[in-house]
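Colleague: The following block contains a protein sequence and its predicted model.
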Amino acid sequence: MSALRGAAALLAAGVLWEALVVLAGIRPDYLPRLSDILALIATVPEPYVEGFLRTASETVLGFALGAVVGVVNGVLFKQSRLLRELVFPLFVISQTIPVIAFGAVVVLWFGNTVFAKALIAFYLTFFPVTVNTVHGLESVDRLQVNLLRSFGASRLQLLLRLELPAALPQIFVALRLACTLSLLGAIAGEWFGDTVGLGVLLLQAMYNEQVPALWAAILVCGLLGTSFYGLVALVERRAVFWRTEL
């Protein structure tokens, strides 16, 4: 039902867009008709398909790496307060570095590769996952922890059977945020010089003042971001099955 409601909302937004441009007489160099943008994509689909796949691969790779590292960091910080006090401030400082500056350094080091773009996506992903993992692990009911300990549960058993499952709602909050941040990181990485990607299409359309092509790239970026977010939300509903309100 939620998918149908989402599709209906998108259809209504598309109809409203088309009607607004036509009835208000908005110039195409400000806001083209949605039908013209879709016709452009249908006429030359290859660069948009290639850009979608390239940016998606960078986004997913950076997101996956950031999610794993973030959860591991959260577990380590929960287990060792000293480690958190020593390392966590460095993570905070790293997040004050503009992504453009970080991306420039990464591209200089690794070149215009998929790995470099994924690393920029990782940079925007791991920190919120780390923070929410720590918060989720610290919010576990101490009575449940003491009960399992009374039955002889080891630290690893506590982590796998109680703490991580209890922290999943908080972790998935960060993952839903991180899936959009990783897309932004991948697109920003493509701005440093590449030949394929949605970020490349955005830059080319902007520099050439091709407004319909610019909006076409924006729509494809939105499609990728929405699809990725929906996939993460679907996994969340399967993994956190006891939270019926999610």
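Modeller: That came through, no problem. Residues are numbered from 1 along each chain as shown.
Colleague: from here on, contacts and neighbour counts on C-alpha atoms
Modeller: Will do.
Colleague: Now do the contacts for the residue most central in space within the chain.
Modeller: Note on the chain: the residue nearest the mean C-alpha position is residue 179, at 1.6 Å, using C-alpha atoms, centre = their mean. Residue 179 makes contact with 59, 63, 125, 225, 228, 229, 232 under the criterion C-alpha atoms under 8 Å, 6 or more residues apart in numbering.
Colleague: where's it relative to residue 32, distance?
Modeller: Note on residue 179: its distance to residue 32, by C-alpha to C-alpha, to the nearest Å, is 29 Å.
Colleague: Then residue 166?
Modeller: According to C-alpha to C-alpha, residue 166 stands 48 Å off from residue 32.
Colleague: what distance separates the helix ranked longest in the chain from the middle of the whole chain?
Modeller: Ranked by residue count, the top helix of the chain under DSSP state H comes out as helix 46-79. Centre-to-centre, helix 46-79 and its host chain are 8 Å apart (C-alpha atoms, centre = their mean, to the nearest Å).
Colleague: and for the next helix or strand after that helix, what are the contacting residues?
Modeller: Counting by DSSP states H and E, the element after helix 46-79 in chain order, helix or strand, is helix 81-94. With contacts defined as C-alpha under 8 Å, 6+ apart, helix 81-94 is touched by 76, 77, 78, 127.
Colleague: what does stretch 222-233 give?
Modeller: 52, 56, 175, 176, 179, 180, 183.
Colleague: and which of these is nearest residue 221?
Modeller: Nearest to residue 221, judged by C-alpha to C-alpha, of those is residue 52 at 7.6 Å.
Colleague: Might one say that that closest one is in contact with residue 199?
Modeller: No: Residue 52 is beyond contact range of residue 199, at 9.8 Å (criterion: C-alpha atoms under 8 Å).
Colleague: who's more crowded, these two?
Modeller: Legend: neighbour count by other C-alpha atoms under 10 Å for residue 52 and residue 199, higher for residue 199 (26 against 20).
Colleague: Grab the nearest non-local neighbour of that one.
Modeller: With C-alpha to C-alpha, 6 or more residues apart in numbering as the criterion, residue 199 has its nearest non-adjacent residue at 4.6 Å, and that residue is residue 187.
Colleague: could you measure residue 178 against residue 130, distance?
Modeller: Distance, residue 178 to residue 130, by C-alpha to C-alpha: 11 Å.
Colleague: same question, residue 63
Modeller: Residue 63 is 13 Å from residue 130, where distance means C-alpha to C-alpha.
Colleague: who has more neighbours, those two?
Modeller: residue 63 (30 against 27).
Colleague: Correct me if wrong: that one contacts residue 119.
Modeller: No: counting by C-alpha under 8 Å, residue 63 stays clear of residue 119, with 9.2 Å between them.
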